[in-house]
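Q: Provided below are the primary sequence and the corresponding predicted coordinates.
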Amino acid sequence: MKKLSSLVAAVSLALIGQANADQVTASDKAIKLAKDTILIDTHIDVPYRIHNKWADVTKATSDGDFDYPRAVQGGLNAPFMSIYIPANLEFEGKGKSYQLANQLIDSMEAIVQRAPSKFAIADSTADIKEQFKQGKMSIAMGMENGSPIEGDIKNLKHFYERGVRYITLAHSQSNHISDSSYDIRRKWKGLSPFGKELVKEMNNIGMLVDVSHISDDAFYQVMEISKVPVIASHSSLRKYTPGFERNMNDDMLLALKKNGGVIQINFGSSFVTAKAGSWYDQLKSAKAEKKKDGTKLSKDFDAAYRAKNPFPFASLEQVLDHIDHVVELIGIDYVGIGSDYDGVGDSLPTGLKDVSSYPNLVQGLMDRGYSDKDIKKILSGNMLRVWQQAEAYARAH
């Protein structure tokens, strides 16, 4: 009995220790550093979130990962809002992608029009810096899935003129531009002929190439073609998620360094730990088994499954491990933040649950010995460098 009591006490202490580890408290210095620095997050999925279920993110909202008050609290002042287009045949090549992309851009312009004292559209690095001085939150835009280009270079120029500054070439299925890392059908064995021409033209006009989501073959083809540093707007490392092609391996990081680009670390737990990815695989298998038996899945199947099989959330420390590995392998100048807030559902790590949480990340970096100068590079300096290089190349061409 005594032995059992001791075991219970030990387990309780371990759980308390874990809980304390999860309760991150940012110091005044970390909060100040986050707020006094331009803080760029290259991937936040507000446009599609409010397209599905409208919310006024200029004020506090009861759900989602982003709204203005929480962003101010976290020091976020330059989010790239994702113009996300679903990867399916209903959209690809039928005009619907183009239409939806324009509607989502309209919604970002509407936010600025509703709250011009809080927000401003940012088309350039100069805009980001000027709006930061004015105390306004810059809304930059990146397109997730190149489907709206619809095989016409004129559409690339159209979306550039509308404020889009990067394009994720594909999403979860291969499209007319590139193969996807998620798609077992490798139609193009990398980039399509049009995709190769598109990358060149993106360089020429100052549109950043985003290599998140694309297949490894497509990534290396982009590396060969692009004359400008690229971004991985919301990717993490395969070192911690073996077999997950959506993340980047060490050879790709080395190629990225040679290119001069930057990897923006994704916070979603399945991008950060193999355990979370396995949990999703098991959920998928459980659904497949039910369907095999002829059982109709209930609407609350996922919630019931999660209640019986708790989701293995990643931790802030594990996110920091990804940053550490990039820095150790290729240096401090090639890593930043691409959280995927509002894009990964209830899978965000402990300590990084929404846009108010960036000071926790800053505190974690401080605790690991990063200097203020290096932390500023991670928060925005590296991304600004890459973007400025793209702008300079376009001016020269």
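A: Thanks, I have the structure now. None of the values given here were measured: they were computed from a predicted structure.

Q: Quick check: Ile214 touching Asp183?
A: No: the pair Ile214 / Asp183 is not scored as a contact, 10.0 Å apart, by C-beta atoms under 8 Å. For the C-beta atoms, the positions are set from N, CA and C on the backbone; glycine is no exception.

Q: what's around Ala87, how many residues?
A: Here the count is done by other C-beta atoms under 10 Å, and Ala87 has 21 residues near it.

Q: Who are the contact partners of the spatially most central residue of the chain?
A: Centroid-nearest residue in the chain: His234, 3.1 Å away (criterion: C-alpha atoms, centre = their mean). With contacts defined as C-beta atoms under 8 Å, 6 or more residues apart in numbering, His234 is in contact with Thr42, His43, Ser212, Gln264, Asn266, Gly338, Ser339, Asp340, Gly343.

Q: can you check Asp340 too?
A: Neighbour list for Asp340: His43, Ile44, Asp45, His234, Asn266, Phe267, Gly268, Phe271 [criterion: C-beta under 8 Å, 6+ apart].

Q: one more time with 6 Å
A: With contacts taken as C-beta atoms under 6 Å, 6 or more residues apart in numbering, Asp340 has the following neighbours: His43, His234, Asn266, Gly268.

Q: Nearest to Asp302 among these?
A: Asp302 lies nearest to Gly268 out of those, by C-beta to C-beta, at 16.1 Å.

Q: Roughly how far does the nearest residue to the closest one once chain neighbours are set aside sit from Glu224?
A: Using C-beta to C-beta, 6 or more residues apart in numbering and skipping residues adjacent in sequence, the residue nearest Gly268 is Val344, 3.5 Å away. In this view, Val344 and Glu224 are 31 Å apart by C-beta to C-beta, to the nearest Å.

Q: Of these two, which one has the most company?
A: Val344 (20 against 12).

Q: Please state the backbone phi and psi of that one?
A: Per-residue torsions, Val344: phi -120, psi 20 (degrees, to the nearest 10).

Q: cool, and Asn266?
A: phi -80, psi 130.

Q: so it touches Leu237, yeah?
A: No: using C-beta atoms under 6 Å, Asn266 makes no contact with Leu237, being 9.6 Å away.

Q: ok, these two, which is more surrounded?
A: When Asn266 and Leu237 are compared for neighbours, Asn266 comes out ahead with 28 against 24, by other C-beta under 10 Å.
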